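K.L.:
My questions are about this predicted structure, shown below with the sequence.
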Number of protein chains: 2
Amino acid sequence: MKPTSHQHRVVIVGAGFGGLEAARHLGNQSVDVTLIDRSNHHVFQPLLYQVAGAALDISQIAWPIRRVLHRFKNITTLMAEVNGVDVAGKAVLLTDGSRIPYDTLVLATGATHAYFGHDEWARYAPGLKTLGDALAIRQHLLTLFEQAEREPDPAKRQLLQTIVVIGAGATGVELACTIAELAHEEIHGDFRHVDTRKARVVLVEAASRVLSGFPEPLADYAQHTMERLGVNVLLNHPVTECREDGVVCKDQFIGAGAVFWAAGVRASPVAQWLGVLADRAGRVKVEPDLSVTAQPEIFVIGDAATVEQKNGKPVPGLAPAAKQEGRYVADVIKARLRNSALPPPFRYRNYGNLSTIGKHTAVVDFGKVRLRGRPAWILWAIAHIYFLIGVRNRLLVALNWLWLYIKGDRAARIIISRKS
Amino acid sequence: MKPTSHQHRVVIVGAGFGGLEAARHLGNQSVDVTLIDRSNHHVFQPLLYQVAGAALDISQIAWPIRRVLHRFKNITTLMAEVNGVDVAGKAVLLTDGSRIPYDTLVLATGATHAYFGHDEWARYAPGLKTLGDALAIRQHLLTLFEQAEREPDPAKRQLLQTIVVIGAGATGVELACTIAELAHEEIHGDFRHVDTRKARVVLVEAASRVLSGFPEPLADYAQHTMERLGVNVLLNHPVTECREDGVVCKDQFIGAGAVFWAAGVRASPVAQWLGVLADRAGRVKVEPDLSVTAQPEIFVIGDAATVEQKNGKPVPGLAPAAKQEGRYVADVIKARLRNSALPPPFRYRNYGNLSTIGKHTAVVDFGKVRLRGRPAWILWAIAHIYFLIGVRNRLLVALNWLWLYIKGDRAARIIISRKS
């Protein structure tokens, strides 16, 4: 655990898209890198909803971090939980009490669900940020239909088959669509007493439209497509209460067997660790080179940070943005160590924004060019398979999708308990 | 949930190899079948050790029961837990208080770990019977190496890297070998501080030989092969205590980071449910037609039962035996309903007994013909892929094995918690 004293020590916290990319670009350089994450794996978050929907299995979108980085002998991976930074003493603090000293620190700790000050809702409306979340949602969802099959009372059976998704951003839309397709198109033939085609999937949104990150024509198209898939979209319905048996929104109670949360995120508590100010979503506002104001040796990237673009808008909280920031920070660190010219301020390159609407259509926004329907879906599928790590996982995911699309057969409809 | 009154009602409890096979052979017959299992999936148990060893993911060896049976419209699948049988009233009792009436009952509830009267050992030495067990073992195993990587004290580090497997039957041998290969051959390059090639894998056995189900020459070969793989085989070492920090066997304490149990099984409590006598392992001794003595409408099959062969030996507790029994019972039920000639007493056909010794060798016993080494392994791999359900899973497992064998890269090294 002792870094050699003569080498510059970079500590990266978080192995999401930003942290992993920063580590890779510091790989096999003359710098001592320690990558710390509380889990042992990197997750391809854009496909988490497919694990929740039982279409993919966990290992198909997750990779052991130390395996991904094993060829970089200057990188040490630690599975540990960070709970603070000693800025003056230049050390990261772990929950087990130990300290990891750094010369340069990259904080890439991401964001988690935010319940608008109602943390007690988390029990009733779990969100979708980690593999553990995705498995919990999958288990809950699959168990509902099993319970419905055994339920003699038709009213209770319909209640069990009512699933509410809160928040119509990309995650909420994708989750609601995959649940609707599962129930309405794929599994109904497997049951004898319950008709899963009558399952009700409700997507609740406080704003007046879905997919606020997309231009309005694409969002309208997405909404119509979702409604054709059988998703009940309720706009202008801010949620005022989440309960065990459903949600209250706009003075209306919707009884449900399950409620899932895709409404808001909050940055991890990096600002507190550093003793700096955060914006409303908890993000640290960083300098144009992604460093913390007056702390040039500390960088914050990805969903934990906010940085303005030239047009005055913040860089969006998307995987490609986090990856670009990770790479940029690695370049800054390398330039500083070599005393070479520093790169110009960070500039986000928008290669397009994509969201699926079920398993046959998608919307893609390239800025000037917009795509929708099946061509957009094909582009989405190719892009997502391309960005998976490793040939095996690409083959496995492609194979699973092929079966799902041809045979309507989801691979991962497995409820796990210690007993079974 | 109301079966039509005019049809004969068969209730099958347990969707392992025996129960699922019985259900399939009653599929699309004029009989009303209800298959009850406490989980929603059938597991291919012979490959569970590969899930525990992170080589395969759960959905590759598990199938939703209702999906496997969905084309048989006369079969209803229920995910529910059975805790008794009302023999006089002809009904199966569920833990939720409901009753499932039957005309014919097939109990195929299998076996679970037995700790020789020391149930308190279960916490310290978990066994491997279910997917939940396999995931728990996988998480424990992977976490050990993560802890060792962070442990500065070399003695503690070596203790974390000591793994004891109790019981040298096929499960124990396969589990010990897969752990040894994982540590010694595959993951060492991913760590910087711990040398996983120095991990100690100890296989502890009370008897004087390994693989008691195989002829002695094959068992000797297996033992030598295991020792070459770096498994420390301790014969004549009955375990007298399992503790959190290791095991005591033959007055010797072996400190360990993990202890796994593969030493004994006990039939599920079918005998108690029926109020009949059981043998020492809890199995119901059934008639030559696999029915319960004086209860011709109740059958017990698979690991919950014991039935003598012509040679006086009991039918072995293997997957092929359970499948043959399931099919036989379906034939008896169909013959009774048609009033046609009953099949002759059940006869087990031994198509061979197989066990892998690591990822390149195996032992195969066909009775007169015996195979070992790589040819045996190839036969084992073909047989196991053949017996998986569905083309997709065969492809996925074959692909995972290919990567493991060529690149030493296990797909499923993922530690899951709700946080990650």
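P.N.:
The structure has been received and is ready for your questions. Keep in mind the model is a prediction, meaning the values are calculated, not measured.
K.L.:
Give me every residue in the stretch 301-420 of chain A lying close to chain B.
P.N.:
Within the stretch 301-420 of chain A, the positions adjacent to chain B are A:392-393, A:395-396, A:399-400, A:403, A:409, A:411-420 by C-beta under 8 Å from any C-beta of the partner chain. For every residue, glycine as well, the C-beta is placed using N, CA and C.
K.L.:
Quick one: buried ones out of those residues?
P.N.:
Buried by 16 or more other C-beta atoms under 10 Å in any protein chain shown: A:392-393, A:395-396, A:399-400, A:403, A:409, A:411-416, A:420, out of these.
K.L.:
Please tell me I have it right and A:Ala267 contacts A:Gly302.
P.N.:
No. Distance between A:Ala267 and A:Gly302: 9.1 Å, which falls outside the contact criterion (C-beta atoms under 8 Å).
K.L.:
Okay, helices next: where are they in the stretch 301-420 of chain A?
P.N.:
Ranges of helices in the stretch 301-420 of chain A, per DSSP state H, counting those that start in this stretch, are A:319-338, A:374-387, A:391-407.
K.L.:
Can you spell out which helices and strands pack onto the last one?
P.N.:
Counting contacts by 3 or more C-beta pairs under 8 Å, 6 or more residues apart in numbering or on different chains; DSSP states H and E, the secondary-structure elements packed against helix A:391-407 are helix A:374-387, helix B:391-407.
K.L.:
Please save the CA atoms from that helix in PDB.
P.N.:
Output of helix A:391-407 as PDB, limited to C-alpha atoms (Å, rounded to 0.1, in the frame of the first residue of the first chain):
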ATOM      1  CA  VAL A 391     -15.900  -8.800 -27.400                       C
ATOM      2  CA  ARG A 392     -17.600 -11.400 -25.100                       C
ATOM      3  CA  ASN A 393     -20.000  -9.000 -23.600                       C
ATOM      4  CA  ARG A 394     -20.900  -7.500 -27.000                       C
ATOM      5  CA  LEU A 395     -21.700 -11.000 -28.200                       C
ATOM      6  CA  LEU A 396     -23.700 -11.900 -25.100                       C
ATOM      7  CA  VAL A 397     -25.800  -8.800 -25.200                       C
ATOM      8  CA  ALA A 398     -26.300  -9.100 -28.900                       C
ATOM      9  CA  LEU A 399     -27.400 -12.700 -28.500                       C
ATOM     10  CA  ASN A 400     -29.800 -11.800 -25.600                       C
ATOM     11  CA  TRP A 401     -31.300  -9.000 -27.700                       C
ATOM     12  CA  LEU A 402     -31.700 -11.300 -30.700                       C
ATOM     13  CA  TRP A 403     -33.700 -13.800 -28.600                       C
ATOM     14  CA  LEU A 404     -35.800 -11.000 -27.000                       C
ATOM     15  CA  TYR A 405     -36.700  -9.500 -30.300                       C
ATOM     16  CA  ILE A 406     -37.300 -12.700 -32.200                       C
ATOM     17  CA  LYS A 407     -38.800 -14.900 -29.500                       C
END
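K.L.:
Give me the angle between that helix and helix B:391-407.
P.N.:
Here helix A:391-407 points in a direction 170 degrees away from that of helix B:391-407 (axes from the mean of the first three to the mean of the last three C-alpha atoms, to 10 degrees).
K.L.:
Show which residues not belonging to helix A:391-407 make contact with it.
P.N.:
With contact meaning C-beta atoms under 8 Å, 6 or more residues apart in numbering or on different chains, helix A:391-407 is reached by A:47, A:55-57, A:59-61, A:63, A:359-360, A:381, A:384-386, A:388, A:409-411, B:392, B:395-396, B:399-400, B:403, B:409, B:411.
K.L.:
Give me the mean pLDDT for that helix.
P.N.:
For helix A:391-407, mean pLDDT is 84.
K.L.:
How far does that helix sit from its chain's centre?
P.N.:
Helix A:391-407 sits 21 Å away from the centroid of its parent chain (C-alpha atoms, centre = their mean, to the nearest Å).
K.L.:
so where do the helices sit in chain A?
P.N.:
Ranges of helices within chain A are A:17-25, A:48-52, A:65-68, A:131-150, A:154-160, A:170-181, A:216-228, A:270-274, A:319-338, A:374-387, A:391-407, based on DSSP state H.
K.L.:
domain ranges for chain A?
P.N.:
Structural domains assigned to chain A are A:9-113+A:265-338, A:119-263, following automatic domain parsing.
K.L.:
hmm, back to that, of all the buried ones among the residues of the stretch 301-420 of chain A next to chain B, which two lie farthest apart?
P.N.:
Maximum pairwise distance among those (C-beta to C-beta): 29.1 Å, between A:Leu395 and A:Ser420.
K.L.:
Would you agree A:Ile357 is in contact with A:Ala219?
P.N.:
No. A:Ile357 is not in contact with A:Ala219 according to C-beta under 8 Å; the separation is 10.4 Å.
K.L.:
Quickly list what's touching both of these two.
P.N.:
Shared contacts of A:Ile357 and A:Ala219 (C-beta under 8 Å, 6+ apart): A:Val363.
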